[in-house]
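>>> predicted model, plus sequence, below.
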Amino acid sequence: MIGRRGTGTNTTIAGQQPIRRVSGWLAASKLGLLTMALLVGAGSGLGAAAFRELIYFFTWLFTGHETYGQQGHAPSLHLAFLGIVFVLIVPPIAGAIYGPLIQRFAREARGHGVPQVMLSVAENGGRIRPPVSLVKALASALCIGGGGSVGREGPIVQIGSAFASTLGELVRASEGRLRVIVACGAAGGISATFNAPVTGFFFGFEIVLKEFSLDALSATIVSAVTADVVSRAFFGGAPFFAAIPHDMGVSNDFTYVLIAGLGITAGLIGVAFQKTLYKGEDAADALWCGRPEWLRPVAGGLLLGLLLLALPQMYGVGYPVMDRVLANHYVLWFVILLMVGKIVAASLTLWIGGSGGVFAPSLFTGAAAGMAFGIIVNHLFGPLVGPPALYGVVAMGGVFAAAAQAPLTAIASVAEMTGNFTLTLPIMLACGIAAQLAKRITYGSIYTTKLLRRGIDIERPKAIGALQALTVKDAMQPLHTSDGYPRLLGASSAPEHRAVEESRWEQLVGPVTLVRRPQMLFAEEDLEDARRQLILYGRDGLPVVSRDGELLGWLTRADVLRALATTLSSSDTIANGAAAAEFAVRDLATAIHTPTMPLPGYEVLEMQIPPDSPAQGRRVADIQWPSDAIVVAVTHGREIHAARPDLQLHPGERVIVLTPANGHGEDTGPKHGHRGKSHPVHTSQNGDGDDARSSAAHST
């Protein structure tokens, strides 16, 4: 119910329990954001630890070892009678479990995970379905434990981000804040995986969030550090690659020339990895076209088994094999074979519908490439140019920098994971060259290319600075009662039936032509977030509420454009800003959207004013509206006007009213008759009308 302050009407705010107050504080305050970041970091750390143990369990279940591959052609302790041939049957068995699991419960859990998180942040306001965490953990652990040659970082990023998204939606955080929280989940996942909080911080910013603000920076730091502290409680605080000598350094200036050449080589290898992954995916899709997707990991697992039979070092994530590579335990030709084999094995695992990351395969490929390079230059120039392991460490960062086009994350990851910060300068040189070369060769990274292939470019230029600087409250039309008090959302439950029968509306104005549930906007959200929600849910605008339940106003697209034009000073800037506001186009028939944050207990009614309406020619204030209804807007053609008390109503216009919904919370739409004509009531759970609904709403 809507009440007034200062009257006998119930003005208690619904749900004013302590838990609601805490949720509002978490969702709106700066300290609340840091608190949520701490919770997300702790959850990501625990999730990373649990996921790592889950991988160990499934690896042990299939092989009898917590890690497998570094032993070479060793049999499974549980299937010793099969010898090394057991690798032929393990991948199909694992695929028979995780294939249907992904297909049935969370198809976005297929693949390497990070692109889905990037998409949710860039285009979906940070929203990730809660089941993704559980399905991704089980599917990826089964895939890796069953021989899949992929990394655990992508799944941990998706798991941490899904947990963060769920937490943010529970407290009803705005889209801007939800994106930051999801980036915190990604940062926490990487930090906990590698004992590398700086790497997690850069990963969250450079790859996932892709925007800078002081609040986001602070929150991401808190999450990354918290996740690392939690992870250290389980796995200790030693560097991830603790076996690599910490005293390696560059003692000869000529070495920097060689490292520059290694940067070029690493850039080409990173691009080759990306191209191999997606070209092969196209071929696999063409071969499997029309067949059940859940069966794809089973059939493809046979091919993966054949590869593992020839090169068992490709089994699983491969970190123990990386240690042996960097310790120079393999001869040159075998190191090169491992480099090529990892690219093929990781790509094949993803081609067949496996679940796992590409971070670890990039590091593995770089380590092998760098070691091969180091062995060759040592043979040519002698030991003065440094040990081969130096080049292996540097190339680890170079290949990932090229593949992900994320040099900052690559630099931090190698320095932290090896614990050797004396190599920061050569790592920076190689990563910078590799990333720039990859950028020149190909548009899109190993993460964004997956989205580009779907027609989604999350790195496209966006003129959104001015929209992000303005809040919904800056642009909305205020909604007050006649005595000047703000509207309140009442505490009473929804009525058994609609607040006013449709016939009553017809007597006041005209037939109800559309009933829909409204999406809710919070006053502190920025206009860039509101812009997206207006596209999806708000053809005629959306209600604006405060955290404590006050109905503050109504926001339309015209309000956003007006606020943008008022704020910007130069005509050129206004034109650029208007280009970002593509929602000015009224073609909204592309999809039907369910409000992600509906205003509970309320719905929006649209009424057409016919020529013989009792309301035609009268002012809004002259009509005896029901006490629990709020007139929020009046449309005239394609224009939407605020429902001012002195606004005169004319035939053909539509009146938009916010009113309590029916008791079941469902949208209903009975038909109405008017002078012998049938007026269909179109029902929608969104704010968009498709072409049919729009035409019906404008017909008399």
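All right, it came through fine.
>>> ok, for the most centrally placed residue in the chain, nearest residue in space, not its chain neighbours?
With distances taken as C-alpha atoms, centre = their mean, the residue of the chain nearest its centroid is Ser120 (2.6 Å). Leaving aside its chain neighbours, Ser120 sits nearest to Ile128 (5.0 Å; criterion: C-beta to C-beta, 6 or more residues apart in numbering). Where you see a C-beta, it was placed from the backbone N, CA and C, and this is true even at glycine.
>>> pretty sure the one you found sits against Met118.
No - if you go by C-beta atoms under 8 Å, Ile128 and Met118 don't touch, sitting 11.2 Å apart.
>>> how about the residue nearest to Ser120, what does it touch?
116-117, 120, 158, 161-162, 165-166, 182 (C-beta atoms under 8 Å, 6 or more residues apart in numbering).
>>> mind redoing it with 6 Å?
120, 161-162, 165 (C-beta atoms under 6 Å, 6 or more residues apart in numbering).
>>> quick one: which of those residues is most hemmed in?
Counting neighbours by other C-beta atoms under 10 Å, Ser161 comes out on top of the contacts of Ile128 with 35 neighbours.
>>> the residue nearest to Ser120 should be in a strand, yeah?
No - the assignment for Ile128 (DSSP: H, G, I helix; E, B strand; the rest coil) gives coil, which keeps it out of a strand.
>>> and the pLDDT at it?
What the model reports for Ile128 is a pLDDT of 82.
>>> give me the distance between it and Asp612.
52 Å (C-beta to C-beta, to the nearest Å).
>>> looks like Gly316 contacts Cys143 (just checking).
No - with contact defined as C-beta atoms under 6 Å, Gly316 does not reach Cys143; the gap is 9.5 Å.
>>> ranges for the strands of the protein?
Counting by DSSP state E, the chain has strands at residues 2-3, 477-478, 487-489, 512-516, 521-522, 542-545, 550-555, 602-608, 630-636, 639-642, 654-660, 672-674, 677-679, 682-684.
>>> how about TSV for these, with mean neighbour count added?
TSV is the format used below for those (neighbours: other C-beta atoms under 10 Å):
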stretch	mean neighbour count
strand 2-3	22
strand 477-478	16
strand 487-489	23
strand 512-516	24
strand 521-522	26
strand 542-545	24
strand 550-555	24
strand 602-608	25
strand 630-636	21
strand 639-642	16
strand 654-660	22
strand 672-674	15
strand 677-679	13
strand 682-684	19
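>>> any weak-confidence spans in the stretch 451-600 of the chain?
Scanning the stretch 451-600 of the chain for pLDDT under 70 picks out 460-466, 468, 480-502, 567-594.
>>> at 50 instead, please
Within the stretch 451-600 of the chain, the ranges that satisfy pLDDT under 50 run 463, 491-496, 499, 569-592.
>>> residue ranges of the helices in the stretch 351-500 of the chain, please?
Here the stretch 351-500 of the chain has its helices, by DSSP state H, counting those that start in this stretch, at 359-381, 388-404, 407-418, 424-441, 448-452, 465-469, 472-475.
>>> what do you get for the stretch 101-250 of the chain?
Under DSSP H, counting those that start in this stretch, the stretch 101-250 of the chain gives helices at 114-123, 131-145, 153-170, 175-194, 197-202, 214-235.
>>> flag every buried residue along the third one.
Across helix 153-170, burial judged by 16 or more other C-beta atoms under 10 Å covers 153-169.
>>> tally of neighbours for the closest residue to Pro297 other than its chain neighbours?
Nearest residue to Pro297, sequence neighbours excluded (C-beta to C-beta, 6+ apart): Gly95, at 2.9 Å. With neighbours defined by other C-beta under 10 Å, the count for Gly95 comes to 29.
>>> do the same with Leu77
Counted with other C-beta under 10 Å, the neighbours of Leu77 add up to 10.
>>> that one: what's it in contact with?
Applying C-beta under 6 Å, 6+ apart, we find Leu77 in contact with Gly64.
>>> one step back: now distance to His379 too, for the strands of the chain, in CSV please.
CSV is the format used below for these (distance: least, C-beta to C-beta, whole Å):
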stretch, distance to His379
strand 2-3, 82
strand 477-478, 75
strand 487-489, 76
strand 512-516, 73
strand 521-522, 65
strand 542-545, 68
strand 550-555, 69
strand 602-608, 75
strand 630-636, 77
strand 639-642, 75
strand 654-660, 78
strand 672-674, 88
strand 677-679, 87
strand 682-684, 71
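>>> looking at the ones you listed, which is nearest to Ile89?
strand 682-684 (51.8 Å; C-beta to C-beta).
>>> what mean pLDDT does that closest one have?
48.
>>> go on, stretch 178-192?
So the average pLDDT for stretch 178-192 ends up being 90.
>>> thinking Pro197 is in contact with Ser223, fair?
No - shown here, Pro197 and Ser223 do not form a contact pair, counting by C-beta under 6 Å, at 9.1 Å.
>>> which one's more surrounded, those two?
The residue with more neighbours, out of Pro197 and Ser223, is Ser223; 37 against 26, by other C-beta under 10 Å.
>>> now do that one, the pLDDT please.
94.
>>> separation between it and Glu206?
Where Glu206 is concerned, Ser223 sits at a distance of 15 Å (C-beta to C-beta).
>>> just the pLDDT for the residue nearest to the centre of the chain.
80.
>>> swap in the one 3 residues further on?
Confidence at Glu123, expressed as pLDDT, is 72.
>>> next one: Leu295
Reading off the confidence values, Leu295 has pLDDT 90.
>>> count the residues that sit near it.
Neighbourhood size, Leu295 [other C-beta under 10 Å]: 16.
>>> from Leu303, how far off is Ser347?
In terms of C-beta to C-beta, Ser347 sits 11 Å off from Leu303.
>>> between these two, who's got more neighbours?
Neighbours were counted for Ser347 and for Leu303 using other C-beta under 10 Å; Ser347 has more, 24 against 15.
>>> ok, now which ones touch the more buried one?
Taking C-beta under 6 Å, 6+ apart as the test, what Ser347 contacts is 276-277, 280.
>>> switch the cut-off to 10 Å
Applying C-beta atoms under 10 Å, 6 or more residues apart in numbering, we find Ser347 in contact with 149-150, 273-281, 284, 358, 361.
>>> that older thread, what's the overlap in contacts for Pro197 and Ser223?
41, 187-188, 191.
>>> now render these as TSV, adding distance to Asp526 and neighbour count.
Output for these, formatted as TSV (distance: C-beta to C-beta, whole Å; neighbours: other C-beta atoms under 10 Å):
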residue	distance to Asp526	neighbour count
Gly41	25	33
Ala187	22	40
Gly188	25	43
Ser191	28	34
